[in-house]
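Q: How does the following fold in three dimensions:
(one chain, ligands or ions: 1)
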Amino acid sequence: MLENQSPREDSPKRILIVEDEPYTLNLLQLIFSASGYATVTASSGKEGVQFFHTHRPDLIVLDILLPDIHGLEVCEKILSHTQVPIVFLSALSEEEDIVRGLDCGAIDYITKPFSTKVLLARVRAALRLRDLTSPPATATVYKDDYLTVDLSAQQVWCNDLQVKLTPTEYSLLAYLLQNAGRPCTFQEILENVWGTEYRDSTHYVHVYVGHLRRKLEQNPKQPVYLKTVYGCGYRFVPQEITGSP
Ligand code: CA
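A: Down below sits the predicted model:
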């Protein structure tokens with residue numbers, strides 16, 4: 001089952017910063033760390049989408065002009081899965097840029113150059129709004145009699161033994177788990193785990209699902225978690241909890 005686990009009071013809120021300019025990226029990381037936030041940094045749109053799935057941030061600060069995927073597209077991709085607050089931080093300061101950013105679902109839009117105090121105040125406001133409007137928390141833990149996946153801690157156990165996954169294996173598992181129960185198409189998996197430029201590399205998905213089955217399934221030849229959806233993709237199937245040892 002997927003548990004709605006409330007975040008611990010003492011755990012810092014996690015901010016994913018997506019910014020391709022190293023100076024601004026470092027500056028933002030310093031500003032947020034100094035204010036008690038945990039930070040994850042991504043320097044491209046592809047990394048931003050990938051780290052969103054693997055790190056489950058509480059908020060995303062997103063640049064618009066990125067070297068690979070446009071920030072608006074990154075925003076749309078992420079918001080098609082979740083309600084995470086996204087704050088655009090961009091040098092594009094025309095009225096229509098701001099309107100476009102907000103229309104694509106971002107909670108706020110800040111223009112560069114920015115004031116540190118205003119940035120922090122708007123991030124606090126966005127997080128408060130999220131706490132007020134979102135369901136208790138995003139699902140962070142999957143647990144049944146055999147398999148446990150903690151998406152916050154990025155750890156996986158089978159029969160209480162910790163399983164070591166590579167970053168790609170973990171990203172793939174996290175993505176399927178976040179979409180548990182529904183078929184995920186090859187294209188969708190590739191775009192979200194590998195990036196848009198890999199959208200035709202269906203064989204990657206087969207190979208990595210194979211790795212995951214060998215590591216996670218009790219019988220990799222008869223998988224119960226990672227089911228093939230023929231001609232379409234894969235689906236993570238949550239298992240009943242029987243309570244038997
Ligand atoms: Ca940029």
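
Q: most residues in a single helix of this protein, which one?
A: Scanning the chain for the helix with the most residues, using DSSP state H, yields helix 116-133.

Q: Other residues contacting that helix?
A: With contact meaning C-beta atoms under 8 Å, 6 or more residues apart in numbering, helix 116-133 is reached by 13, 15, 31-32, 35, 58-59, 61, 83-85, 87, 89, 107-108, 110. Just so you know, the C-beta spots here come from the backbone N, C-alpha and C atoms, and that holds for glycine as well.

Q: hey, C-alpha coordinates of that helix in CSV?
A: Provided in CSV are the C-alpha atoms of helix 116-133 (Å, rounded to 0.1, in the frame of the first residue of the first chain):
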residue,chain,number,x,y,z
THR,A,116,16.9,37.6,-1.6
LYS,A,117,14.3,38.7,1.0
VAL,A,118,11.5,38.8,-1.5
LEU,A,119,12.5,35.4,-2.9
LEU,A,120,12.5,33.8,0.5
ALA,A,121,9.2,35.4,1.5
ARG,A,122,7.5,34.2,-1.7
VAL,A,123,8.9,30.7,-1.2
ARG,A,124,7.5,30.7,2.4
ALA,A,125,4.2,31.9,1.0
ALA,A,126,4.1,29.2,-1.6
LEU,A,127,4.9,26.5,0.9
ARG,A,128,2.2,27.8,3.3
LEU,A,129,-0.3,27.7,0.4
ARG,A,130,0.7,24.1,-0.4
ASP,A,131,0.2,23.0,3.2
LEU,A,132,-3.2,24.6,3.2
THR,A,133,-4.5,23.3,-0.1
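
Q: average pLDDT for the helix or strand just after that helix?
A: Note on helix 116-133: by DSSP states H and E, the next helix or strand toward the C-terminus is strand 141-143. Across strand 141-143, pLDDT averages out at 89.

Q: Check which helices and strands strand 141-143 is in contact with.
A: strand 2-3, strand 147-150 (3 or more C-beta pairs under 8 Å, 6 or more residues apart in numbering; DSSP states H and E).

Q: Compare the ones you listed and say which comes out lowest on pLDDT.
A: Mean pLDDT per stretch puts strand 2-3 lowest among the helices and strands packed on strand 141-143, at a mean of 46.

Q: Which SSE is immediately downstream of that one?
A: Next along from strand 2-3, by DSSP H and E: strand 14-18.
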